[in-house]
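Engineer: When you get a sec, could you give me coordinates for this:
(chains A and B)
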Amino acid sequence: MAEPTSSVALTVDGKPVQVVPGTTVAAAALIAGTQTRVSVSGEPRAPLCGMGICFECRVTIDGVPHQRSCQILCAPGMQVATARELPAP
Amino acid sequence: MNPILDILVTGAGPAGIAAAVTAAECGLRAGVVDDNPASGGQIWRSGAHLPAGARRWKARFDAAAVVRFQGWRVIDCPEPGVVRAQRNDAEVASDPAAEDRIDLHYRQLILATGARERFLPFPGWTLPNVMGAGGLDAMVRGGLPIAGKRVVVAGTGPLLLAVATHLAARGAEIVAICEQASLAQMAPLMFQVLRRPGKLWQGASFRWITRKSRCLTRCWPVAAQGDQRLRSVTLQRDRKQWTVDCDYLACGFHLVPSTELAALLGCRLENGFVATDELMQTSAPGIWCAGEPSGIGGVELSLLEGQIAALAAAGKTGAARRLAAQRRGALPFVRALESACRLNPQLRDLARDETIVCRCEDVPLKALRDRTGWRDARLHTRCGMGPCQGRICGGAAEFLFGWHAGSIRPPLFPALVSCFSGPDAALDPATHREAP
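Structural biologist: Numbers count the residues shown, from 1 in each chain, chains lettered A, B, ... in the order given. I've put the predicted structure just below:
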């Protein structure tokens, strides 16, 4: 693979992250060191299948919730929000 | 209405690529719809070195006159001859004018929907950084740095060695490769591999690259430990248990065919696979199936089946029959692979009462023990009722309880309400590249 000559800048939970072009949002979330969601009983979860079927990687992208982050590539300026705590009862 | 495609292919892995290329080269108007950001399916994912054969097929695919819908998920078949799809980045794309959904009209359909990993629940399997074997591989190809990370690869099937090889080549430290099957169980598969120089060479080179890693048969993870994320894995071989520190556990128990779309279209299934004749035609008129949904056989068989399906659909029956004869020669490998990956019954005891089986709805094993079947479990516990629609826990429930998924209903994936109303979206030449 050719050396990446450019990078894509985005934020994950407000934290700036630089990734190479072609990186999935799921990988960016793991690079930022965070889980992707919190389960209905409060467990932290992160990607499992990597191919868009398990829905463990869903995050909020640019304000839109429930996006499968492993099937979406990072774009410049993207704002990714992961679930940080238990959903309200 | 959109122009009618002579042949629509669902899935752009090896089978789908071979089918679309063959159809286009027969002069037919062919289209492909695929869920992933890029073509190649799981096995030919970009982001890493691809073998020469894969590069040749992808080059032919890029050169072929095929209408491509990449990054679209199929959600429904609203009427015969129509497949409805939603754009994956529909809600977040910078271009709000682009359509969210499309109705693809076809004369003949080739299902190349591939397969997914089978996951088995064990204590700790829901911890972050416990992934599928193919799952971790996909994440790494999607940009996750793996150099210097300690990885345990476990489960069953040839995918384990392939994943370990790729991760090792990327600088990961493969702590162990744990295959649940015994050597005796794998012997018929090894015999088949010995008769196929391509596979033998590939297997040998994989093992050479991972030669520093321990490769254990009759071995599996019994628990994963960690607080917010994985820290260590406890492995078991025979009666011995030991714990190893690691950053990732890549664990998958071979593959389950993705047959939801075939079932929705009324194609007959046989032992969980789409039933086809020698020319890959399903029980539903005008619908063909190629690749893993018709039997797990790997890349070469998928390529062959994609070509057979497209040739037969194009009416070139003689050419299709010649390739079908070649396919027959590959079927002993399929059977040997299936028996090599048969799961040890002891794996049923990995999950404890509190172990979560359905990750979407956090349903523990104890809630499922007294249920009589998949439907009963869904109604009483919400098992399989979350966004994955049982794609993850279904494979586990099949092995643990012998349950089989019941009827399939649209949408096949969670979809926008707007996808079920409004006018038929137009085929926009600006967003769908169509080679001359």
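
Engineer: so where do the strands sit in chain A?
Structural biologist: Ranges of strands in chain A, per DSSP state E, are A:8-12, A:15-19, A:37-38, A:44-45, A:58-61, A:64-68, A:79-81.

Engineer: Can you report how many residues neighbour residue 35?
Structural biologist: Just so you know, I chose chain A. 24 (other CB atoms under 10 Å in any protein chain shown). The C-beta positions use only the backbone N, C-alpha and C, and glycine is treated the same way.

Engineer: my question was about chain B
Structural biologist: Counted with other CB under 10 Å, residue B:35 comes out at 25.

Engineer: what residues are up against it?
Structural biologist: A:52, A:71, B:71-74, B:88 (CB atoms under 8 Å, 6 or more residues apart in numbering or on different chains).

Engineer: Kindly report the domain assignment for chain B.
Structural biologist: B:5-115+B:256-337, B:119-253, B:345-401 (automatic domain parsing).

Engineer: quick one on the thing from earlier: closest one to residue B:8 among the strands of chain A?
Structural biologist: When those are compared by CB to CB, strand A:64-68 sits nearest residue B:8, at 23.1 Å.

Engineer: Give me the sheet partners of that closest one and which way each runs.
Structural biologist: strand A:58-61 (antiparallel) (DSSP bridges).

Engineer: For the strand it pairs with, which residues meet the burial criterion?
Structural biologist: Neighbour counts over strand A:58-61 (16 or more other CB atoms under 10 Å in any protein chain shown) mark A:58-61 as buried.

Engineer: to the chain's geometric centre, what's the distance from it?
Structural biologist: 6 Å (CA atoms, centre = their mean, to the nearest Å).

Engineer: Stretch B:343-357 too?
Structural biologist: Centre to centre, stretch against its chain (CA atoms, centre = their mean), the figure for stretch B:343-357 is 23 Å.

Engineer: what's the answer for stretch B:194-214, then?
Structural biologist: 23 Å.

Engineer: Present the contacts of residue B:35 as TSV; the columns should include distance to residue B:414 and neighbour count.
Structural biologist: As requested, those are exported to TSV (distance: CB to CB, whole Å; neighbours: other CB atoms under 10 Å in any protein chain shown):
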residue	distance to residue B:414	neighbour count
A:52	11	23
A:71	12	22
B:71	16	21
B:72	14	25
B:73	9	25
B:74	13	27
B:88	12	22
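
Engineer: Find the residue ranges of chain B scoring beneath the pLDDT cut-off.
Structural biologist: B:1-2, B:47-48, B:90-98, B:422-436 (pLDDT under 70).

Engineer: Now do the helices in it.
Structural biologist: B:14-25, B:52-63, B:133-141, B:159-169, B:183-194, B:197-209, B:260-264, B:298-313, B:317-340, B:374-381, B:393-401 (DSSP state H).

Engineer: Chain A: which of the ones you listed is closest?
Structural biologist: helix B:133-141 (3.1 Å; CB to the nearest CB).

Engineer: count of residues packed around residue 26?
Structural biologist: By default, I'm working from chain A. 29.

Engineer: oops, chain B please
Structural biologist: Counted with other CB under 10 Å, residue B:26 comes out at 17.

Engineer: tell me the contacts of it?
Structural biologist: B:310-311, B:314, B:316.

Engineer: picking up where we left off before, let me know which of the helices of chain B is tucked in deepest.
Structural biologist: Stretch with highest mean neighbour count among those: helix B:14-25 (a mean of 30; mean count of other CB atoms under 10 Å in any protein chain shown).

Engineer: What sits closest to residue B:410 if chain neighbours are left out?
Structural biologist: Leaving aside its chain neighbours, residue B:410 sits nearest to residue B:76 (3.9 Å; criterion: CB to CB, 6 or more residues apart in numbering or on different chains).

Engineer: how about that neighbour, what does it touch?
Structural biologist: B:83-84, B:264, B:410-412, B:415, B:419-420.

Engineer: Show me what it is bridged to.
Structural biologist: residue B:84.

Engineer: Please tell me how far it sits from residue B:408.
Structural biologist: 11 Å (CB to CB, to the nearest Å).

Engineer: Quick check: neighbours shared by these two?
Structural biologist: residue B:264.

Engineer: thought residue B:159 was touching residue B:133?
Structural biologist: Yes: here residue B:159 reaches residue B:133: they are 5.4 Å apart, a contact under CB atoms under 8 Å.

Engineer: between the two, what contacts are shared?
Structural biologist: B:117, B:252.

Engineer: Let me see the contact set for residue B:212.
Structural biologist: residue B:174.

Engineer: Got phi/psi on it?
Structural biologist: Phi and psi for residue B:212, reported as degrees, to the nearest 10, are phi -80, psi -10.

Engineer: pull the helix or strand with minimum mean pLDDT from chain A.
Structural biologist: None of the helices or strands of chain A scores lower by mean pLDDT, DSSP states H and E than strand A:64-68, at a mean of 92.

Engineer: coming back round to it: would you mind giving the buried residues of strand A:58-61 as a markdown table with distance to residue B:214 added?
Structural biologist: Below are the buried residues of strand A:58-61 laid out as a markdown table (distance: CB to CB, whole Å):
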| residue | distance to residue B:214 |
| --- | --- |
| A:58 | 35 |
| A:59 | 36 |
| A:60 | 41 |
| A:61 | 40 |
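
Engineer: Which of those residues sits closest to chain B?
Structural biologist: Once CB to the nearest CB is applied, the member of those that ends up nearest chain B is residue A:61, at 4.6 Å.

Engineer: What separation do you get for that closest one and residue B:157?
Structural biologist: 33 Å.

Engineer: Ok, residue B:132 next?
Structural biologist: 11 Å.

Engineer: next one: residue A:15
Structural biologist: In terms of CB to CB, residue A:15 sits 37 Å off from residue B:157.

Engineer: So those two - more neighbours on which side?
Structural biologist: Neighbour totals were compared for residue A:15 and residue B:157, and residue B:157 leads with 24 against 11 (other CB under 10 Å).

Engineer: Which residue, other than its chain neighbours, is closest to the more buried one?
Structural biologist: Nearest to residue B:157 is residue B:254, by CB to CB, 6+ apart, at 3.9 Å.

Engineer: With residue B:136 instead?
Structural biologist: residue B:250 (4.0 Å).

Engineer: Tell me, how many residues neighbour residue B:363?
Structural biologist: 25.

Engineer: Can you name the residues bridging to it?
Structural biologist: residue B:358.

Engineer: correct me, but it touches residue B:382?
Structural biologist: Yes: in terms of CB under 8 Å, residue B:363 counts as a neighbour of residue B:382; the distance is 6.3 Å.

Engineer: okay, now residue 38: neighbour count?
Structural biologist: I went with chain A, as the question did not name one. Neighbours of residue A:38 (other CB under 10 Å): 16.

Engineer: wrong one, I was asking about chain B
Structural biologist: Using other CB under 10 Å: residue B:38 sits among 18 other residues.

Engineer: Roughly how far does the closest residue to it other than its chain neighbours sit from residue B:86?
Structural biologist: Distance criterion CB to CB, 6+ apart; nearest residue to residue B:38, sequence neighbours excluded, is residue B:46 at 5.1 Å. Residue B:46 is 23 Å from residue B:86, where distance means CB to CB.

Engineer: Looking at the two now, which is surrounded by more residues?
Structural biologist: residue B:86 (23 against 15).

Engineer: got the contact list for the more buried one?
Structural biologist: By CB under 8 Å, 6+ apart, the neighbours of residue B:86 are B:72-73, B:75, B:100-101, B:413, B:415-416, B:419.

Engineer: Quick one, which of those residues are buried?
Structural biologist: Buried among the contacts of residue B:86 (16+ other CB under 10 Å): B:72-73, B:75, B:100-101, B:413, B:415, B:419.
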